[in-house]
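Q: starting from these lines, generate the structure:
(chains A and B)
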Amino acid sequence: MKIITWNCNGIRARFPLIEKLIENENPDVIFLQETKIEDKIFPSKSFFDLGYNHLFFRGEKSYNGVACISRIPFDDSGYKNWSNLEDCRHIYIRFNELTINNFYVPAGGDIPDINNDKFKHKVSFLLEVESWLSKKPTQRKEILLGDLNIAPLPDDVWSHKQLLNVVSHTPQEVQLLDKILISGNFTDIVRKFYKVPEKVFSWWSYRSKDWKLSNRGRRLDHIWTTKEIVSQTKKVKILKEVRGWEKPSDHVPIIIEID
DNA sequence: ATGGTAGCGAAGCTA
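A: Below you'll find the model as predicted:
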């Protein structure tokens, strides 16, 4: 089973690249974040035409939004609201005994201070996810993936020192993410395939003249699996080259193949 | 310290 996660930053603006990604990789399931589209105008037919007949999505006008695009029928689907907001940052899908959660964690604004409402939202969101995961049984087949908007390791950013006080890499956020990983009994499967101290990024800002040359990236996008799935994982690949495609997202897709 | 770019939707917010 080949699964892709991608913050596409606008499903309409990115549709040609989604088609190209499908053509190149032929995935079974695609999880998207930042679809930026209301449910009533979601391009379902376009995906049916590509052979993906099983869709589940939750979006709002202009912001946020997550989707699951699948060739394989799923047995259950749903979502949760976080921080008492209906801002479409989570869905889950279940294939038989395997549950997959697709998250779009709030970015957190520019100032890493609890008096900043956006940062406060990010922290409260993460605390709620942690509490939710801690109630799940330890042994289970589950994947958590998506844009978590945190680069936890020093080698997940271009400069650990220069980003220590930058939202996405502050010790406070990293601690919260670690807690969530442990509470959910997850493994950071991407780092099993891209070992420290290799620098690994999944996002490069639009605001640089040459993203590749300056290479000031961060690993904001993640795939976590429970222990039960670690040994079944055959391959993980970050599609860095997609950042260089025409009219790219600022994030790149990540692939996981499980047996 | 500042400003750089992109999507959505039609000005300004969010990232």
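Q: okay, which residue is most central for chain A?
A: A:Gly146 (1.3 Å; C-alpha atoms, centre = their mean).
Q: so for that residue, what's the pLDDT?
A: pLDDT, A:Gly146: 98.
Q: next one: the nearest residue to it once chain neighbours are set aside from DNA strand B, what distance?
A: Using C-beta to C-beta, 6 or more residues apart in numbering and skipping the chain neighbours, the partner closest in space to A:Gly146 is A:Phe103 (3.9 Å). Heads up, the C-betas are built off the backbone N, CA and C, glycines and all. With distances taken as C-beta to the nearest atom of the strand, to the nearest Å, A:Phe103 is found 13 Å from DNA strand B.
Q: ok, the residue nearest to the centre of chain A touching A:Val105?
A: Yes: at 7.4 Å, A:Gly146 counts as touching A:Val105 under the criterion of C-beta atoms under 8 Å.
Q: got the residues of chain A near DNA strand B?
A: Neighbours of DNA strand B within chain A, by C-beta under 7 Å from any atom of the strand: A:9-14, A:36-38, A:61-63, A:106-107, A:109, A:118, A:149, A:205-207, A:247.
Q: out of these, which are buried?
A: The neighbour-count test (16 or more other C-beta atoms under 10 Å) marks A:Asn9, A:Gly10, A:Ile11, A:Arg14, A:Lys36, A:Ile37, A:Pro106, A:Ala107, A:Asn149 as buried among these.
Q: farthest pair within those residues?
A: A:Arg14 and A:Pro106 (20.9 Å; C-beta to C-beta).
Q: in chain A, what residue lies closest to DNA strand B?
A: Residue nearest to DNA strand B within chain A: A:Gly10 (2.4 Å; C-beta to the nearest atom of the strand).
Q: that residue in helix, strand or coil?
A: What DSSP: H, G, I helix; E, B strand; the rest coil gives for A:Gly10 is coil.
Q: tell me the pLDDT at it?
A: pLDDT, A:Gly10: 98.
Q: thought it was touching A:Thr35?
A: Yes: in this structure A:Gly10 lies within contact range of A:Thr35 using C-beta under 8 Å: 7.4 Å.
Q: now the helices for chain A?
A: A:15-25, A:44-49, A:117-134, A:160-163, A:171-183, A:190-193, A:211-214, A:227-230 (DSSP state H).
Q: now A:Arg219. Nearest residue, chain neighbours left out?
A: Leaving out its chain neighbours, the residue that sits closest to A:Arg219 by C-beta to C-beta, 6+ apart is A:Asp156, at 3.8 Å.
Q: separation between the one you found and A:Cys8?
A: 21 Å (C-beta to C-beta, to the nearest Å).
Q: give me the more crowded residue out of those two.
A: A:Asp156 (27 against 24; other C-beta atoms under 10 Å).
Q: hang on, that one packs against A:Pro197?
A: No: A:Asp156 is beyond contact range of A:Pro197, at 10.7 Å (criterion: C-beta under 8 Å).
Q: how about the closest residue to A:Cys8 other than its chain neighbours, what does it touch?
A: Using C-beta to C-beta, 6+ apart and skipping residues adjacent in sequence, the residue nearest A:Cys8 is A:Arg14, 4.2 Å away. Contacts for A:Arg14 (C-beta atoms under 8 Å, 6 or more residues apart in numbering) come out as A:Cys8, A:Lys247, A:Ser249.
Q: repeat for A:Val66
A: A:31-33, A:35, A:57-59, A:88-91, A:102-104, A:146.
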